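S.K.: Predicted coordinates and the sequence they were generated for:
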Amino acid sequence: MALYDNMNDRQKEAMLCTEGPLLIIAGAGSGKTRVLTHRIAWLIESGITDPWHILAITFTNKAAGEMRQRVDSLVKEGADQVWVATFHSTCVRILRRFIDRIGYENGFTIYDTDDQKTLMKQVFKDLRIDPRSFRERNVLAAISSAKNELIGPDAFAKEAVGYAEEKQAECYREYQNRLHKNNALDFDDLIMMTVKLLKACPDVLDYYRNRFRYILVDEYQDTNTAQFRLVELLAGGHRNLCVVGDDDQSIYKFRGANIENILNFEEAFPGAKVVKLEQNYRSNGNILEAANSVIRNNRGRRDKKLWTEQETGEKIRVMRFETAQDEADAVSSEILKASGGIHYSSFAVLYRTNAQSRLLEEKFVTKGIPYQLVGGVNFYQRREIKDVLAYLRTIANGSDDIAVRRILNVPKRGIGNTTADKIADFAAANGISFWQGLLDAPGAGIAGRADAKIRKFTDMIEEFRRKSADMPLDKLIAMVAADSGYIESLKEEGEIEAESRIENIDELISKAASYEAEGQDLSDRTEEGLPADLPLLNRFLEEVSLVADIDSLDEDSEKVTLMTLHAAKGLEFDEVYMTGMEDGLFPGNRSIDDPKELEEERRLCYVGITRAKRRLTMTSAKSRMINGETRWSNESMFVREIPEELKERADRSASSAFRKSVQPSYSGGYGNGASGRTGSSGGSGSPAHRYPWESASFASSGDPGRKRPAPAFGKQFQVVKADHLDYAEGDRVRHTRFGAGTVLKIVDGGRDFEVTVDFDGHGVKKMFAGFAKLQKL
DNA sequence: TCGAGAATTGTTTTT
DNA sequence: CAATTCTCGA
């Protein structure tokens, strides 16, 4: 059978166009993985290139694994030679080999978010920054976005304006120094340092350009600037770059993803060919229609429209409940009934925030429905796992101060914070690592009993190190967990929780065993010329630090899948429940006033809808507990954006949900949030409802004195651009919700003006002029 | 040094 | 509400 049997014309075109830059706009369910894998197969089978010269980059290990598997089954020989990996692991592999060229040691450690926070705490202490005035998280977020934009500490400092940014710059510099001292990289460094390396070392760049003659990038809409630069560098010579993505599924802006990468691909790679895949093979007609009618409300997108040859299918079922409990109860009951006690794996329940999973889980447990939860607390982030891994990190990399400090007194050894701080100060003053500081405790003014305790600790670690050299990974972990006294201290607790912690450690041990068993095939690494002495331990640590939640999803298990909308991208299910479809939750309160954010939420909604193959149900609750307080909210504007004729009301309490007499306090969807905290929701104690189809016009009750013309349904968010604004940069303006503020910037964004305003007490917000209805003061 | 209870704070979303 | 951090007494 030829490779292009069963492919449509567009798909074939995308598969066969192998030379030069190519952008494949692949709508949801249009068979993009298929095109990618077949393209790789074609490159090999047709003799265009050797598997060795192909690089395929994904975002998750799961996607990489699937791609590898599918290529394997398509290609007779050499599939294992294709480099299929995530962005992060690709970078790790490059850095492991060459990072010494830019002043790090090749055995570096990867810090996760926890480690980053710990490190930042130290930085705050060092720079005498009050953690109440700046939050670690915020500074880290600023640093992360800087790194995503390839802005190093120096450039950041140069750009810094004002006290806050200057402080952040100081923190960034110090944070980076400490990472370097600890011989550690954070997630963002992995990309940034690889770019730095390739820019600094032309020979290394040449090597990889020759190695990767054909490059494919999946989920291109999620790439950030650093990743873009990386790809651009690697493809710089031959320009055989094929990227696949869907701008409508760009949902990772918060993580630095830059949608411009896909929107402006042809400008970055002149002469690029563009192929659009618009035929959807996944969903029924109604589902696709619904998806189209929601996403059509976005402005910054490439023109496209999905179509299908499949039957129209059922209508979208819309349900509204009194409380979130009712919602969870109904969803679980329905699934129980509809599944017939089997086929649970054809169901997915999606939600906006992880916190929403709790109620659902409870109901699933009581009804005995098997389910699997994706996300929440990652296995490798659990305390006991992190503790054990910190031991391993200490063994592997003595400079990893964070790891050493973490386990110094875990389990309790009677070495308290006072002692540890003394060591830390001493180490800092002498420019040595914390570990070295421990070795010279007397130098730090620690003697007698305290010193003896420290000695016991360092001796133990050194013993572990000696033994680790010739010991299988799983045995090593078992030994560390036992000999350190960690297991014993858990047993002494004697609680159920301790029991499950021990089980988790056992699981880690078996994971290590299977890693070791699989890991014998090191061809990709040895051929890459990696130092042969890079111990298995280091590679294991590296592997576990790059594991994502979604990687653990088992699609064949007979279980219902519970996960966030984000986690659902790339997956498909016969029946999908989108829960918590409420204004304020989805779209979230933060996005409602910011058009860019709102569009991102809408894309997320689009992703959710297009996961469904046969049946889609959207549910919402009038009231739900959030942070210990009951919140009331309207049905999500996204539900309202789906035309009535595609929907079917399946409420149990339809009468109360559809009373037409409810107070119309819908304020155009923006401003005075119809959902608020208990007791503060604009005076009307009862939930405020207004469905677009109930009335031809919207009353802007939250904004007295102004009225907008009644938009036709479906176009309610398309605001006509004003030909001029009655305010300018520097002017003071008033917003219905945020009050007074100063206009910082006005940019003509084509269809509307994009106005940046610094609101007194609310911070800087960006808004479209047509939506914001700002009044000059 | 360490644990228990108080206080505080928070939510998107995660490689 | 719940998870995390802080404070204080032994």
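M.R.: Nice, I can see it.

S.K.: got the residues of the stretch 501-650 of chain A near DNA strand B?
M.R.: A:546, A:548-550, A:564, A:566-567, A:588, A:590-591, A:597, A:626-628 (CB under 7 Å from any atom of the strand). C-beta: built from backbone N, CA, C; applies to glycine.

S.K.: Could you single out the nearest of those residues to DNA strand B?
M.R.: A:A548 (2.7 Å; CB to the nearest atom of the strand).

S.K.: hang on, isn't that closest one packed against A:K62?
M.R.: Yes: with contact defined as CB atoms under 8 Å, A:A548 reaches A:K62; the gap is 7.4 Å.

S.K.: List phi and psi for A:E629.
M.R.: When read as degrees, to the nearest 10, the backbone of A:E629 gives phi -130, psi 150.

S.K.: Packing partners of the longest strand seen in chain A?
M.R.: For chain A, the longest strand by residue count, based on DSSP state E, is strand A:612-626. Counting contacts by 3 or more CB pairs under 8 Å, 6 or more residues apart in numbering; DSSP states H and E, strand A:612-626 packs against helix A:285-295, strand A:316-323, helix A:324-339, strand A:573-578, strand A:629-632.

S.K.: Return the mean pLDDT over the fourth one, rounded to an integer.
M.R.: Summarised as a single mean, pLDDT over strand A:573-578 is 96.

S.K.: what's the answer for stretch A:167-186, then?
M.R.: 92.

S.K.: neighbouring contacts of it?
M.R.: Around stretch A:167-186, the neighbours that count as contacts under CB atoms under 8 Å, 6 or more residues apart in numbering are A:95, A:103-105, A:107-111, A:115-116, A:119-120, A:122-124, A:126-127, A:129, A:134, A:139, A:142-143, A:146-147, A:152-154, A:156-157, A:160, A:189, A:193, A:397, A:399-402, A:433.

S.K.: Can you get me a residue count around A:N297?
M.R.: 19 (other CB atoms under 10 Å).

S.K.: measure it to A:K622 for me?
M.R.: Counting by CB to CB, to the nearest Å, the gap from A:N297 to A:K622 is 24 Å.

S.K.: what do you get for A:K491?
M.R.: In terms of CB to CB, A:K491 sits 48 Å off from A:K622.

S.K.: More neighbours: those two, which one.
M.R.: A:K622 (24 against 11).

S.K.: mind checking pLDDT for that one?
M.R.: 93.

S.K.: The stretch 401-550 of chain A: helices as residue ranges?
M.R.: Using DSSP state H, counting those that start in this stretch, the helices of the stretch 401-550 of chain A run over A:401-408, A:417-430, A:434-439, A:448-468, A:473-483, A:486-493, A:496-518, A:523-527, A:536-545.

S.K.: least reliable of those helices going by mean pLDDT?
M.R.: Looking at the helices of the stretch 401-550 of chain A, the weakest mean confidence is helix A:523-527, a mean of 42.

S.K.: can you give me phi and psi for the one residue in chain A that gets nearest to DNA strand C?
M.R.: Using CB to the nearest atom of the strand, A:G628 is the residue of chain A that sits closest to DNA strand C, at 2.2 Å. Per-residue torsions, A:G628: phi 80, psi 0 (degrees, to the nearest 10).

S.K.: neighbours of it, just the number please.
M.R.: 6.

S.K.: Return the list of strands paired to the longest strand of chain A, each annotated with direction.
M.R.: strand A:316-323 (parallel), strand A:573-578 (parallel), strand A:629-632 (antiparallel) (DSSP bridges).

S.K.: Please work out which of the helices of the stretch 401-550 of chain A is packed deepest.
M.R.: Stretch with highest mean neighbour count among the helices of the stretch 401-550 of chain A: helix A:401-408 (a mean of 24; mean count of other CB atoms under 10 Å).

S.K.: Does it reach DNA strand C?
M.R.: No: contact between helix A:401-408 and DNA strand C is absent, the nearest approach being 12.5 Å (criterion: CB under 7 Å from any atom of the strand).

S.K.: Using CSV, write down the CA coordinates of that helix.
M.R.: Taking Å, rounded to 0.1, in the frame of the first residue of the first chain, the C-alpha atoms of helix A:401-408 are listed here in CSV:
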residue,chain,number,x,y,z
ASP,A,401,22.6,23.4,47.1
ILE,A,402,18.8,23.2,47.0
ALA,A,403,18.8,19.5,47.0
VAL,A,404,21.4,19.3,49.8
ARG,A,405,19.5,21.7,52.0
ARG,A,406,16.3,19.9,51.4
ILE,A,407,17.5,16.6,52.8
LEU,A,408,19.9,17.9,55.4
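
S.K.: and the angle from that helix to helix A:417-430?
M.R.: 150 degrees (axes from the mean of the first three to the mean of the last three CA atoms, to 10 degrees).

S.K.: ok, and does helix A:401-408 reach over to DNA strand B?
M.R.: No: using CB under 7 Å from any atom of the strand, helix A:401-408 never reaches DNA strand B; the gap is at least 9.7 Å.

S.K.: Just list what that helix packs against, helices and strands only.
M.R.: Checking 3+ CB pairs under 8 Å, 6+ apart, helix A:401-408 ends up next to helix A:113-126, helix A:383-396, helix A:417-430, helix A:434-439.

S.K.: Around DNA strand C, pick out the residues from the stretch 301-450 of chain A.
M.R.: A:R358.

S.K.: same question, the stretch 51-200 of chain A
M.R.: A:117, A:131.

S.K.: How many neighbouring residues does the residue of the stretch 51-200 of chain A found nearest DNA strand B have?
M.R.: Nearest to DNA strand B, among the residues of the stretch 51-200 of chain A, is A:F187, at 4.1 Å (CB to the nearest atom of the strand). Counted with other CB under 10 Å, residues neighbouring A:F187 total 19.

S.K.: what do you get for A:V547?
M.R.: 17.

S.K.: With adjacent residues omitted, what lies nearest to it?
M.R.: A:Y380 (5.7 Å; CB to CB, 6 or more residues apart in numbering).

S.K.: right, and that neighbour touches A:A390 too?
M.R.: No: A:Y380 is beyond contact range of A:A390, at 11.8 Å (criterion: CB under 8 Å).

S.K.: For the stretch 101-250 of chain A, which segments are assigned as strands?
M.R.: Ranges of strands within the stretch 101-250 of chain A are A:109-111, A:184-186, A:214-217, A:241-245, based on DSSP state E, counting those that start in this stretch.

S.K.: Can you say which of those is nearest to A:I40?
M.R.: Proximity to A:I40, assessed across the strands of the stretch 101-250 of chain A by CB to CB, is greatest for strand A:214-217 (6.9 Å).

S.K.: Is there proximity between that closest one and DNA strand B?
M.R.: No: Strand A:214-217 lies out of reach of DNA strand B by CB under 7 Å from any atom of the strand, never closer than 13.1 Å.

S.K.: for that strand, the distance to its chain's centre please.
M.R.: 22 Å (CA atoms, centre = their mean, to the nearest Å).

S.K.: related to what we said a few turns ago, tabulate the helices and strands packed on strand A:612-626 (CSV), appending mean neighbour count and distance to A:Y207.
M.R.: Below are these laid out as CSV (neighbours: other CB atoms under 10 Å; distance: least, CB to CB, whole Å):
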stretch, mean neighbour count, distance to A:Y207
helix A:285-295, 24, 42
strand A:316-323, 21, 53
helix A:324-339, 20, 53
strand A:573-578, 24, 43
strand A:629-632, 17, 56
